[in-house]
Every structure is written in C-alpha cells, then in structure tokens.
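Colleague: sharing a model that was predicted from the sequence below.
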Amino acid sequence: MDNKKIKINQKKEEKQSPDDLTKKLEVEKLQLEIVTLKDQVDEFKNKYLRAIADYQNLEKRVGEERFELMKIANKNLLIKILPFLDNLEKAELFVKDEGLKISKDHFVQILKDAGLEEIEMMGKDFDPISAEAVQLVPGKEEGKIVEVLQKGYKFEDKIIRVAQVKVSKKVGVG
C-alpha cells in the first residue's frame, strides 16, 4: 500500500505544471515568513513588556530615593533648628509672656507634625545611646537621670540629638 501512495504522489507531481510548483513554493515561502514574523512579534512583545517592567521599577526606585532625600533634608533642617528651640525654651523660663509661650508651643507643634519627637529622660535610667552624662551628682539610686540640661530628640525613630543630663551616683550610707 505504501508503494501505491508513493506512486500516486509521484504521478500528481508529474501532472503539476511549472506554475503550480511556483505557486506552491511561494505559499511555502509565505508560510515560513509568517512563522518568522510571528516569532519576531513575540520577541518584540517580550522586550516591550520587560522595558515596561524596568521603567516601573525605575519609577518606584526614584520615588523611594526622592522620599529618602526629603527625609534627610528634613532631618538636617531640624538639627539646625534645635538650638533655636532651646533658646525659646530658656527665654520662656525667664520671661513670663503669654505671647512667647503661645509662639513656642505653636513652634513645638509644627516640629512634632514634621516628625520631631522629644526623648523623655527625667527620672529614667541612664542610657548612653540616647543621653550624654555631663555630670554625676549624689543620689539615692544609681544611674537615674535627675536633671536634663539639654533635651534629646528623635526623627523618624532615629536619634538626631542625644540629651545632656545629670546622673545620680548612689552615695553609700556609712
């Protein structure tokens, strides 16, 4: 049977005119070109999708870097403003003026809204990470903060200025 099929196919080929063969070759050539073009389309589509993903990643990274730069700029500005806040608080101790108190409180609120946070120290155990002991004073307990000479502050949960404090040193009972 296989021989009969081969002979029939050979007879069909013999009967085909040169125009038919040319058309057949053209069709095969076009089909091959279609397959090649489909492969190129898939390749370009993949490159396009990768380019879009790369761009989105770049956009995200630039946004994150911009946010970090803003935080650094805010932190640096807050560090420069802290001595002014210290002076306002000292002035408030000596000058009993309601306008000064209102202005200082408003200024403190603006700084808090910007992310500045005072580190509470008074009466707590001395922590060398958040405070600098500038003086030891006699006391009933060892290592307690008894006076804050200069407040410490945090920004974005990071210490931007350590407090300067007086720390108690237990006095032995003789």
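Modeller: The structure has been received and is ready for your questions.
Colleague: how far out from the middle of the chain is the helix or strand where Asp20 lies?
Modeller: Secondary structure assigned from DSSP states H and E places Asp20 in helix 18-94. Relative to the chain's own centre, helix 18-94 is displaced by 16 Å; criterion: CA atoms, centre = their mean, to the nearest Å.
Colleague: does anything pack onto it? Which helices or strands?
Modeller: helix 98-113, strand 152-155, strand 158-161 (3 or more CB pairs under 8 Å, 6 or more residues apart in numbering; DSSP states H and E). Every residue, glycine included, has its C-beta placed from N, CA and C.
Colleague: and those: which comes nearest Met121?
Modeller: strand 152-155 (6.6 Å; CB to CB).
Colleague: alpha carbons only: can I get the closest one in PDB?
Modeller: Output of strand 152-155 as PDB, limited to C-alpha atoms (Å, rounded to 0.1, in the frame of the first residue of the first chain):
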ATOM      1  CA  GLY A 152      17.400  64.900  73.200                       C
ATOM      2  CA  TYR A 153      15.300  64.400  70.000                       C
ATOM      3  CA  LYS A 154      14.300  61.700  67.500                       C
ATOM      4  CA  PHE A 155      13.300  62.000  63.900                       C
END
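Colleague: name the residues of that strand that come out as buried.
Modeller: Residues of strand 152-155 classed as buried by neighbour count (16 or more other CB atoms under 10 Å): 152-153, 155.
Colleague: report the distance from that strand to the chain centre.
Modeller: Counting by CA atoms, centre = their mean, strand 152-155 comes out at 20 Å from the chain centroid.
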